[in-house]
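Asks: structure for this input, please:
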Amino acid sequence: MRLSRWIVTFVMCAGAMLAAQGRGGGGGAAAPPLNLPADTERITQLKTEAANEVEKLKDFSQQMVDQVFSYGELGFQEVETSKYLVGILKKNGFTVEEGVAGIPTAFMATWGSGKPVIAMGSDIDGIPQSSQKPGVAYRDPLVAGAPGHGEGHNSGQAVNITAAIVLKKLMEREKIPGTIRIWPGVAEELVGTKAFYVRAGLFKDVDVALFTHVGRDLGVSWGSGGGTGLVSVLYSFQGESAHAAGAPWRGRSALDAVELMDVGWNFRREHLPLSSRSHYVIPDGGDQPNVVPPTASVWYYFRQVTYPGIKEMWAAGDQVAQGAAQMANVKLLPTRVLGSAWPQHFNRAVAEVTWANIQKVGMPQWSEDDQAFARAVQKELGVTESGLSTRLGGLGGPVDPNTNTGGGSDDIGDVSWNVPTVTLRYPSNIHGLPGHNWADGMAMATPIAHKGVTAGAKVQAMTLVDLMMKPEVVAAAWDYFNNTQTRTQKYEPLIRPQDQAAIEWNQDIMAKYRDKMRPYYFDPTKYKTYLEQLGIKYPVIKK
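Replies: This next block holds a predicted model:
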């Protein structure tokens, strides 16, 4: 049990916690809230001041959102983004270790000393082919074919850094002990780094991890989450080249093995449980038609709602790959795990204090321009024209794995199984978007994103006050982690000892587009907002 000496005086009743865990996401009775301490007058005053200070920094937050949006970098190639964020953190008194876990664009920034240690993270990578002008309610790329922030990962670091700077000021003045750390989710779209962070020991002395992710409302959840975990596997085959017309009998096609594997897996997929999802692309299909392909590879995501389910799917994939190699008379090379994500499980105690702060902050006040833009985007996409949400997202509870039929993944799951963790969803995007698409970038450098980030930063700052000032909350977090979450299920990494982060991934794409994207980088010394720099009179709506 990893309870620090400063909190061992408070131990919660494990039996009560176990009983409360019985609530499922499928309609069970709501569990009563934990008996966590109420805010003292001093804590209330500090939270009020923290929220006011975040509000004063809204232009600072907006510039961060716009700057990172303008870079639009893909996973492992977030060079400009990482350099920019590291510069801000150093300027504000953080000590920064760069290149952590052997990943060039990763870093760990630290300020303060002593317990508790709170690690704040958010993703920074973009999506291929999602370049899009912000504030324009129809398809209009900045650079055709280029990547962009079609997921909204340009906004989360602004939430955390703004909140951390505010808390640093309060902690210095009030002489409050504690350590704040800030780290980036590099290559989250490839689920490519967080398991490697865990393996490198980046969270070994952390008390609580606060994660943020862009959403459509303000919300948080606890317990086993929806969606899936996954393992990302590259299967490569080695054959023999030959003239495809002159002497095809002398060749052995590695591409044949790829195609046979895909056919075999698609037949196998018919018999998988509903909670299983998988998909693939072919990154190497040969060089040219008149040469029998001597090499070929196929890249699979195997998704399942449980760790054992992921392992079973992976073993089935290996089996199909071996059979395909035999049929094509080629060699299956050693497989490469490019990334992984455990199914997410979030901490109840931290979620409850976060939710209390969400209720204090409330949703942003959207302007009529914001609502008109959102409705225009929804109309363009052919979905319900409901506009922006004005209601809080709520405090979600555990999802019953028996009724969880799958969905997306996030490698914050690996962190959540090593340290008490929650993800704060903050309202910087629009309902009804397809995800991983140019449309998801439309709002991400507009007042919608800016207001949502400020709301999220207020919640994060107030939650930091709770964690720094209430040792009982951290004790309760670890009690839940040790006696409920990990009581019967322990973390076992999906990445293997020989697997290394795929830091070369996306180099070719960024080399192709970076020079074309560079003229569109945001210049805050000349313009207040990115919309102003681009000459966009928000909102731009089809007539």
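
Asks: am I right that V453 is in contact with V159?
Replies: Yes. V453 is within contact range of V159, at 5.4 Å (criterion: CB atoms under 8 Å). All C-beta spots, glycine's among them, are computed from the backbone N, C-alpha and C.

Asks: mutual contacts of these two, please.
Replies: With contacts taken as CB atoms under 8 Å, 6 or more residues apart in numbering, V453 and V159 have 61, 426 as neighbours in common.

Asks: distance of A244 relative to Q498?
Replies: Computed as CB to CB, to the nearest Å, the A244 to Q498 distance reads 35 Å.

Asks: what about the two, which has more around it?
Replies: The neighbour comparison of A244 against Q498 (other CB atoms under 10 Å) goes to A244, with 16 against 8.

Asks: who's in contact with L167?
Replies: Shown in contact with L167 (CB under 8 Å, 6+ apart): 50, 180, 461, 464-465, 468.

Asks: spatially central residue for this structure, please.
Replies: D123 (4.9 Å; CA atoms, centre = their mean).

Asks: run a quick neighbour tally on the nearest residue to that one once chain neighbours are set aside.
Replies: Nearest-residue entry for D123: G185, 3.4 Å, with adjacent residues in sequence omitted and distances by CB to CB, 6 or more residues apart in numbering. Close neighbours of G185, defined as other CB under 10 Å, add up to 29.

Asks: can you pull the phi/psi pair for G185?
Replies: phi -80, psi 90 (degrees, to the nearest 10).

Asks: pLDDT score assigned to it?
Replies: In this model, G185 is scored at 98, pLDDT.

Asks: how about it, what does it touch?
Replies: With CB under 8 Å, 6+ apart as the criterion, the residues that contact G185 are 121-125, 153, 156, 193-194, 411-412.

Asks: from F203, how far off is it?
Replies: From G185 to F203 the distance is 13 Å (CB to CB).

Asks: what's the answer for V353, then?
Replies: Taking CB to CB as the measure, V353 falls 20 Å from F203.

Asks: check D414 too.
Replies: Separation of D414 from F203 (CB to CB): 9 Å.

Asks: just V383 next, same as before
Replies: Relative to F203, and taking CB to CB, V383 is found at 38 Å.

Asks: neighbour count for these two, which is higher?
Replies: More crowded of V383 and F203, by other CB under 10 Å: F203, with 22 against 14.

Asks: just checking, G397 touches P32?
Replies: No. Using CB under 8 Å, G397 is not in contact with P32; the gap is 11.8 Å.

Asks: higher neighbour count, those two?
Replies: Set G397 next to P32 and count neighbours by other CB under 10 Å: G397 wins out with 22 against 10.

Asks: next, give phi and psi for the more buried one.
Replies: Per-residue torsions, G397: phi -110, psi -170 (degrees, to the nearest 10).

Asks: okay, and the common contacts of D414 and F203?
Replies: Both D414 and F203 are contacted by Y197, under the criterion CB under 8 Å, 6+ apart.

Asks: where does V231 fall, secondary structure wise?
Replies: Assigned by DSSP states H and E, V231 belongs to strand 229-238.

Asks: immediately after that strand, which helix or strand?
Replies: helix 254-269.

Asks: relative to A254, how far out is N347?
Replies: 46 Å.

Asks: look at those two and report which has more neighbours.
Replies: Counting neighbours by other CB under 10 Å for N347 and for A254 shows that A254 has the greater number, 29 against 25.

Asks: give the contact list for that one.
Replies: By CB under 8 Å, 6+ apart, the residues touching A254 are 236-239, 286, 293-296, 328, 330.

Asks: quick one: which of the residues you listed is most hemmed in?
Replies: Within these, neighbour counts (other CB under 10 Å) peak at F237, which reaches 28 neighbours.

Asks: can I assume it is in contact with M327?
Replies: No. Using CB under 8 Å as the test, F237 is too far from M327 to be in contact (11.1 Å).

Asks: ok, so of the contacts of G185, who is nearest M444?
Replies: Nearest to M444 out of the contacts of G185 is H153 (CB to CB; 8.8 Å).

Asks: from what I see, that closest one and G121 are in contact.
Replies: No. Counting by CB under 8 Å, H153 does not reach G121; the two are 11.6 Å apart.

Asks: where along the stretch 401-543 of the chain do the strands fall?
Replies: Using DSSP state E, counting those that start in this stretch, the strands found in the stretch 401-543 of the chain span residues 421-427.

Asks: actually the stretch 51-200 of the chain, sorry about that
Replies: Using DSSP E, counting those that start in this stretch, the strands found in the stretch 51-200 of the chain span residues 95-98, 107-113, 117-123, 178-185.

Asks: give me the pLDDT for G407.
Replies: 87.

Asks: how many neighbours does it have?
Replies: Residues near G407, counting by other CB under 10 Å, number 14.

Asks: what sits against L395?
Replies: Contacts for L395 (CB under 8 Å, 6+ apart) come out as 219-222, 351-352, 355.

Asks: low-scoring stretches of this structure, by residue?
Replies: Within the chain, the segments meeting pLDDT under 70 span 1-30.

Asks: mind redoing it with 90?
Replies: Scanning the chain with the threshold set as pLDDT under 90 gives 1-33, 225-226, 274, 400-408, 543.

Asks: and the contacts of G185, which are buried?
Replies: Neighbour counting over the contacts of G185 (16 or more other CB atoms under 10 Å) leaves 121-125, 153, 156, 193-194, 411-412 as the buried ones.

Asks: want to try JSON lines for those, with distance to Y84 as columns?
Replies: Listed next are those as JSON lines, based on distance: CB to CB, whole Å:
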{"residue": "G121", "distance to Y84": "17"}
{"residue": "S122", "distance to Y84": "14"}
{"residue": "D123", "distance to Y84": "15"}
{"residue": "I124", "distance to Y84": "10"}
{"residue": "D125", "distance to Y84": "14"}
{"residue": "H153", "distance to Y84": "14"}
{"residue": "G156", "distance to Y84": "14"}
{"residue": "T193", "distance to Y84": "18"}
{"residue": "K194", "distance to Y84": "21"}
{"residue": "D411", "distance to Y84": "23"}
{"residue": "I412", "distance to Y84": "23"}
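
Asks: burial measure for the residue nearest to G407 when sequence neighbours are not counted, as a count.
Replies: Using CB to CB, 6+ apart and skipping residues adjacent in sequence, the residue nearest G407 is G227, 3.9 Å away. Burial measure for G227: 19 neighbouring residues, criterion other CB under 10 Å.

Asks: now do G408
Replies: Neighbour tally, G408, other CB under 10 Å: 14.

Asks: do the same with E504
Replies: Look at E504: counted by other CB under 10 Å, it has 9 neighbours.

Asks: I'd like the distance between it and R336.
Replies: Counting by CB to CB - E504 and R336 are separated by 12 Å.
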